[in-house]
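[1] Quick one: sequence and predicted model below, then my questions.
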Amino acid sequence: MIRIEDIAKKLDISKGTVSKALNGAPDVSETLRKTVLETAVELGYSRSMRKKGAKQLCIFVKNMTYTSPSDFGYDIIIGFRKMAEPAGYIVAVEELDDHIQNSTPYDEYMLKRNYVGALFLGLSLSDPWLHQFRTSQTPAVLFDNYVKVNPNTTYVGIDNNEGMNLAISYLKNQGHRKIGYLSGALGAYVNQVRYSAFFHSLRKYGLADDPGLGGNAYLFSECLQKHLPRLLKKGVTAIVCSHDLLAHTVMIHCQELGLRIPEDISIIGFDDLPFCAYTMPPMTTVQQNRTGIGKSAFYALDSLLGNIPISTLLLHAKLVVRQSSGPAPERLPRDILEDTLQAVD
């Protein structure tokens, strides 16, 4: 265990000066403060090693809405705070941008802000700090991101493989034999997991697993203009989407094309955002217990702070069946669309 005394000895300064530098005292120059922080990180010191005053946690949010009850991140943060604050922790929420990540290393930032650990929401695979988590010292819990080897990090989320199995099993039981998949860009770990899980589930249930049954894009417009028509031409009777917003967009576009949902084509989303119960028709989706995820994230972080190296903590998924999905149609959606085009001509 690295102590303040070790940092002081390394720099040949007093323990008091080190303590002042770590706590942002105004009578320590910014140059010396930076030197102390860098040395502390180099030696492997973290706030979690302190027995007193080590009560501040941070939730970093990027690429995710969280301020309104209808936002995806809202319930996760509420769940985390419901566990952390009664346990005596102060919880801060910060929006994380590229400037912060590029200008200050993770461990150094945490020392500077007096945070003992953090929960991260919405990181992509290109985020600089995500690469630093391979060797970081400060406990970090990552929602829908996985870092191998480092005992100071934990991956939390739902079992996406289980969720995809539930969706594909349900559709097969409804008579669907050719199912398509539309996804956001694969620059996010969770999108990669769900994409892979989709094809694994097809094989598990003995369904066609042609790679052409999947499509991914950063923009919804590309999914609608490029991948959706391709899937319909392939003869799919159901489409699973990587998240609810994309599924809703696909539903609306299919209806604009003249397809009835679910009579002509079934659509399933992922996440069960609050609006899913109020779409037309209400959306079938794989539910994430977001409050439960927030609570489990605190449990994981508290365990890391207690030197219990939890690698992965996954909640069970649940399929919520509503009216956007149903039995496979007698006629393929592509045939219905062809008839519509011929009638227009």
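    Cool, got the structure.
[2] use CA for all of it now, contacts and neighbours both
    OK.
[3] Going along the chain, name the helices of the chain.
    For the chain, the helices defined by DSSP state H occupy 4-11, 15-22, 30-43, 72-84, 98-103, 106-113, 128-132, 160-173, 189-204, 220-222, 228-233, 244-256, 290-305, 333-344.
[4] can you give me how far the first one is from the chain middle?
    Looking back up the chat, that one is helix 4-11. Taking Cα atoms, centre = their mean, to the nearest Å, one finds the center of helix 4-11 at 39 Å from the center of the full chain.
[5] other SSEs contacting it?
    Judged by 3 or more Cα pairs under 8 Å, 6 or more residues apart in numbering; DSSP states H and E, the packing partners of helix 4-11 are helix 15-22, helix 30-43.
[6] CSV please, covering the ones you listed and showing distance to residue 191.
    Supplementary listing: these in CSV, determined by distance: least, Cα to Cα, whole Å:
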stretch, distance to residue 191
helix 15-22, 39
helix 30-43, 33
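[7] which of the ones you listed has the lowest average pLDDT?
    Out of the helices and strands packed on helix 4-11, helix 30-43 stands lowest, with a mean of 81 (criterion: mean pLDDT).
[8] Buried ones in that helix, by neighbour count?
    Residues of helix 30-43 classed as buried by neighbour count (16 or more other Cα atoms under 10 Å): 33-34, 36-41, 43.
[9] residue contacts, residue 165?
    197-198, 201 (Cα atoms under 8 Å, 6 or more residues apart in numbering).
[10] which one of these is nearest residue 265?
    residue 198 (18.1 Å; Cα to Cα).
[11] Leaving out chain neighbours, which residue sits closest to the closest one?
    Nearest non-adjacent residue to residue 198, counting by Cα to Cα, 6 or more residues apart in numbering: residue 164, 6.0 Å away.
[12] Ok, residue 291 next?
    Distance criterion Cα to Cα, 6+ apart; nearest residue to residue 291, sequence neighbours excluded, is residue 79 at 4.4 Å.
[13] Let me see the contact set for the one you found.
    290-295.
[14] nearest to residue 328, of those residues?
    Using Cα to Cα, the contacts of residue 79 come closest to residue 328 at residue 290, 31.1 Å.
[15] Which positions in stretch 330-337 come out as buried?
    332-334, 337.
[16] residues making contact with stretch 109-129?
    22-24, 37, 46-48, 54-64, 73, 98, 101-102, 105-106, 130, 138-145, 187-189, 297, 301, 305.
[17] Kindly report the same for stretch 251-265.
    Contacts for stretch 251-265 (Cα under 8 Å, 6+ apart): 224, 237-239, 267, 281, 323-329, 331-333, 336-337, 340.
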